[in-house]
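Asks: The following comprises the amino acid sequence and a computationally predicted model.
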Amino acid sequence: MDVHSYATSNGGTGAKFKGYTTLIAGVASVIATVVSVLSIWLQAKNYRKPLLQRYVVRILLMVPIYSIASWTSMVSLTAAQFVDPFRDIYEAFTIYTFFQLLINYLGGERSLIVMTHGRAPVQHLWPMDHVLPKVDISDPYTFLSIKRGILQYAWLKPILSIAAIVMKATGTYQEGYIAASSGYFWSGIIYNISVSLSLYSLGLFWVCMHKDLKPFRPVPKFLSIKLIIFASYWQGFFLSILVWLGAIPDDVQGYTRDNLAAAIQDFLICLEMPIFAVVHWYAFSWYDFADNSILSARMPLTRALRDAFGPKDLIEDSKETFKGDKYGYRTFDSGDKVMAHADSSSRFARLDAGMRYERGGKAKYWLPKPGASSSSPLLDNGEGGSSNQDSQRDGSMGTFDEPEIDPDEERMYDQARQLEYGDWNYPVITANEPLRDRYGSSFSSRAGYSPAPRLSTPQRRAPASPAKPSSPKTNVSAQEPPFVAVKKKKKSRKVVVQHPEPEAAALLADTEARRVKCDEARPVCRRCAGSHMACRGYELPPPGADGIHAAVSGVDISMVRRQNQPKPVVAAEIEPPSWDYLEGIRYYFEVVRPGRVSSTETKFNDPPFHLPGYNRTSFLGQIICDQLSKASKSRGKLLKAGEDPAFEPSWNRYSRNMVDAINMVNQKIRDEALYPDEAPAFMAIRHLLVLDLYLRRVLWRAHLRGVIAYIQHRGGIGEVLKMKNAPLYLNFAVENIIHANTTSPAKQQLEGLEDFTDEQLKASLSNSCFAPCPLELYPLIVHITRLRVAVANNRQAPRTSLALQVQDMFNATWHFDPDEWAESESWRGEVDVGRVMGRVFPKTIRLYGILTLPRPALVAWGASLADIRTAYEPLPGQSAFESLRARHRGEVLALIRKHWHVLQYKTSLVWPLLVAGVAAVDGAAEDREFIEDCLEAILAMPITACSFITVVDKLRAFWRSGKSEWEDCWDEPTVGSA
């Protein structure tokens, strides 16, 4: 007898329950469905990352399907026979969906395999680790096995569902009944084997990639899916065991034991689904894809839903996975020079596939595949040769169609250049610039040395003479190339090349004729960029050009032939290897080093130029910045690119160094798998920050945000601090963020330090860069800034709580012992300097708080203790707050005046001078003159950046404005480091 026969004749599994039981289950199902549908709608309305969100939407649909299926089973088993198979099929589809979501979080299959190349294999899960060898997921065949283990369940479950329908129709299914004659029993065994294999494969993938997935919050995602699918199944299986053991009674009217177990399962699932809907709301939040600070487009609602629910990707991916012919070592070659790990079996498997290493593993190449004949192309399609794909691309010599200017595309480029972020903020480096212009005389300090003359090229045409009007026939020949006067000497055989400057009107006509923008001297189109060769459209036609070509280009062929006759020219000088690096070393020893050695009393250590791993990009960037900085200081203003032609070669080198630095950042991020306990990308981002702070101070906020983003990428500040050399990675950026936030408006702060605890801040600043503030007081600067921001945004605590916070912070500075700190390891013998800094910074921190926090809380601190009241008695004719401000300003300036000529590291006093400068706006004129003289002296030091001029100028403008508030001075984001 069918266990459901009685219930079917009277409705669903919950037909004999109390009416309110079915009602409660229905309400719970409706709540779960509404929450999930709302979450899906929000995802579709913010559909900005289709490769990720299509899988998220599919996962969110699980809860409505489970809710509807379970409640339908309680109401009508007839309807449930059609709904349950769909639920089972979609359940398997969700497993595949979640796996694809994790893969796309990591950039796709190829990115995952390449990223893990060279890592050590990992152990299998217990207990299989005692039987099976270690797993190397960078092996494409291992990854294919894991993927097949997960995907087999997605295809087996529909087969089992169809089989269940057939067995129910024939009366052999007997759901909930365990016996040899029960189809439910045998399909359950097959299901358990399949689902266990799928779950084990997914767990194995998790073990291999959990560190890489940590920034994407995978744990709540993993648990929410596994609990819905597997916990619900094991819940039903456990109820079936209770039926088999007789633990569930069989005397309930209208139910057998098996039928009652199914009813209880449906009711429990209905009650559990609202909880899972809320968990899904958190785990798969639409906020992850709705960052308003990033200008990105979203897909329309209807197209987003169409993209999310299309099954084509599952079908196509299943074909490739089960066929498996695309998962080979050649296809998934990393392209770098990293060998597979010594413990990985794939190292020898790659050798069997044709991979060969040379020079001790520093290079590799592929042998041609077997079966090549004498007519086969040599090294075609990656069949052999170097694995470096760049070399293959550089050798492309194919033909290209002439590009056509698309007005809509040009308009998009114009709009893109107005965005805040992007590569267009960096200068464009022309690939066809002459070598002598690239490596000119900017590194040279010898007078009279000038760049080599440019050779005559036919690419710039001289304008027609205004004194001689030309006829229509001579208009073409008027655009002749510039006249080159060659003067020969008997001995030196030197050549003087003169280039008359063309007029603006002629250049405009010339650029219109070439269909390029008027501000492009040497344009590079898509064809130039793709072929790595200059287009013929920017050159004069050859002598053999026919009349049709001449008519199209508007060039007189006879004039071209006369011009291309041999002329006496000077051969271009061949640049030696590493010319710019050698010139930088010479500049360092002739210009930089003498000033540094004379200003230090200790032993001076030169950079290790001879070491092969020395960072040449960073060294050259500092040399270029030093040269331009000295020029700016000598002129008393900040030099800008394009203002002085004499410095254009230096600005060009600066731009190239910026591009090299960006490439280095990207390379270090790509290679982070090679540094499991290190993060050299921090140092590469630091070089970018130094380049900007030294000369321009334009992109420093973007670079500092990049540091914070990379900290989150590496697992958060807690994980980064566990790395080797963590303070070296963090100190410069964290210190700049702290001080820049003090000199920036409260509503334009750099975010990112909110997740840092005080101990983490101290650990990040254990090697302070430019402000020797005591470590235990450094977090107080951050807390005062946070309190200032909260007050500005009307989020401050009640007055009593605010006063207590101010008292706690100020008391910490009041009770600080500078003598004890100076004698600690922080100063290593420089006790006198430590005592000065230990007295200056606590008073400066309090002065910063006095200038930025609400006055009642400050006055309350001034009257809190007897020794504080004695030290800061009100001055005659001034209020308590004004006296507090004046006395702190006087103390800070008195300490700096007393020890100014003794201190060697005067740049350490920049922040105290800036704070005192704001407080001195209503003080004595000699105080402002002293502060200005100190800042000028710091600016004149060789090690300071020329862009510090902007900070000094801002303080001067504030003194002249007649205003007195902190944000009247720092009315825009400013970084005050020198």
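Replies: Here it is on my side, so go on.
Asks: Now do the contacts for residue 625.
Replies: Contact analysis of residue 625 by C-beta atoms under 8 Å, 6 or more residues apart in numbering lists 654, 690, 691, 694, 695, 945. Yep, even glycine has a C-beta here, placed from its N, CA and C like the rest.
Asks: Kindly recompute the last result at 7 Å.
Replies: 691, 694, 695 (C-beta atoms under 7 Å, 6 or more residues apart in numbering).
Asks: With residue 762 instead?
Replies: 775, 778, 779.
Asks: how many neighbours does the residue lying closest to the second one once chain neighbours are set aside have?
Replies: In space, and not counting its chain neighbours, residue 778 is closest to residue 765: 5.5 Å by C-beta to C-beta, 6 or more residues apart in numbering. The burial metric for residue 765, expressed as a neighbour count using other C-beta atoms under 10 Å, is 21.
Asks: where's residue 765 relative to residue 636, distance?
Replies: Per C-beta to C-beta, to the nearest Å, residue 765 is found 34 Å from residue 636.
Asks: again with residue 207
Replies: In this structure, residue 207 and residue 636 are 62 Å apart, going by C-beta to C-beta.
Asks: More neighbours: which of the two?
Replies: Shown here are residue 207 and residue 636; by other C-beta under 10 Å, residue 207 has more neighbours (13 against 8).
Asks: That one touches residue 124, doesn't it?
Replies: No: using C-beta atoms under 7 Å, residue 207 makes no contact with residue 124, being 8.2 Å away.
Asks: Give the helix, strand or coil label for residue 711.
Replies: Using DSSP: H, G, I helix; E, B strand; the rest coil, the structure places residue 711 in helix.
Asks: What about it, how many residues nearby?
Replies: Neighbourhood size, residue 711 [other C-beta under 10 Å]: 25.
Asks: List the contacts of it.
Replies: Shown in contact with residue 711 (C-beta under 7 Å, 6+ apart): 717, 720.
Asks: With residue 353 instead?
Replies: By C-beta under 7 Å, 6+ apart, residue 353 lies in contact with 329, 330.
Asks: tell me the pLDDT at residue 205?
Replies: You'll see residue 205 listed with a pLDDT of 87.
Asks: Give me the neighbour count for it.
Replies: Counted with other C-beta under 10 Å, residue 205 comes out at 22.
Asks: Please apply the same query to residue 311.
Replies: 9.
Asks: cool, and residue 614?
Replies: For residue 614, using other C-beta under 10 Å, the count is 12.
Asks: where's it, which helix or strand?
Replies: Using DSSP states H and E, residue 614 is not contained in any helix or strand.
Asks: I'd like the mean pLDDT over stretch 899-916, please.
Replies: The pLDDT scores in stretch 899-916 average 85.
Asks: Of all the residues in the strand or helix carrying residue 97, which ones are buried?
Replies: Under the criterion of DSSP H and E, residue 97 resides in helix 77-105. By neighbour count on 16 or more other C-beta atoms under 10 Å, the buried set for helix 77-105 is 77, 80-81, 83-85, 87-105.
Asks: before we move on, what about stretch 35-50?
Replies: Residues of stretch 35-50 classed as buried under the neighbour-count rule (16+ other C-beta under 10 Å) are 35, 36, 39, 40, 41, 42, 43, 44, 46, 47, 48, 50.
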